[in-house]
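Participant: Pasted the sequence and its predicted model underneath.
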Amino acid sequence: MDKKLLDILACPVCKSGLVYLKDAKELVCKADRLAFPIRDDIPVMLVDEARTLDPDEEIPNA
């Protein structure tokens, strides 16, 4: 994931920054506990496509 792209991407719900999880191929919003998938190196920033994180699922720091 390109660092410049990561710097400008924001959660479509709350506009906060995202954490890139390379192994899971996801961008995670800590505030809303949503994980947006990355498919074919393209972030899918649609709320309908996002996965809701489990309450006990930890989010690593960026």
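Facilitator: All right, it came through fine.

Participant: quick one, helices of this protein?
Facilitator: Ranges of helices within the chain are 3-8, based on DSSP state H.

Participant: Where in it is the helix or strand with the lowest mean pLDDT?
Facilitator: Using mean pLDDT, DSSP states H and E, helix 3-8 stands out as the lowest-scoring helix or strand of the chain, at a mean of 89.

Participant: Nearest the middle, which residue of the chain would you pick?
Facilitator: residue 27 (1.9 Å; Cα atoms, centre = their mean).

Participant: Put the alpha carbons of the longest strand anywhere in the chain into CSV.
Facilitator: For the chain, the longest strand by residue count, based on DSSP state E, is strand 34-39. Output in CSV follows, covering the C-alpha atoms of strand 34-39 (Å, rounded to 0.1, in the frame of the first residue of the first chain):
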residue,chain,number,x,y,z
LEU,A,34,-14.8,-1.3,10.7
ALA,A,35,-12.4,-3.1,8.4
PHE,A,36,-12.4,-2.1,4.7
PRO,A,37,-11.1,-4.7,2.3
ILE,A,38,-8.3,-4.2,-0.2
ARG,A,39,-8.9,-6.1,-3.4
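
Participant: That one pairs with which strands, parallel or anti?
Facilitator: Strand 34-39 pairs in its sheet with strand 26-29 (antiparallel), strand 42-43 (antiparallel), strand 51-52 (antiparallel), by DSSP bridges.

Participant: if we compare those strands, which one ends up closest to residue 60?
Facilitator: Among those, the nearest to residue 60 by Cβ to Cβ is strand 26-29 (8.8 Å). Every C-beta, even on glycine, is put in place using the N, C-alpha and C of the backbone.

Participant: Go through that closest one and flag the buried ones.
Facilitator: 26, 27, 28, 29 (16 or more other Cβ atoms under 10 Å).
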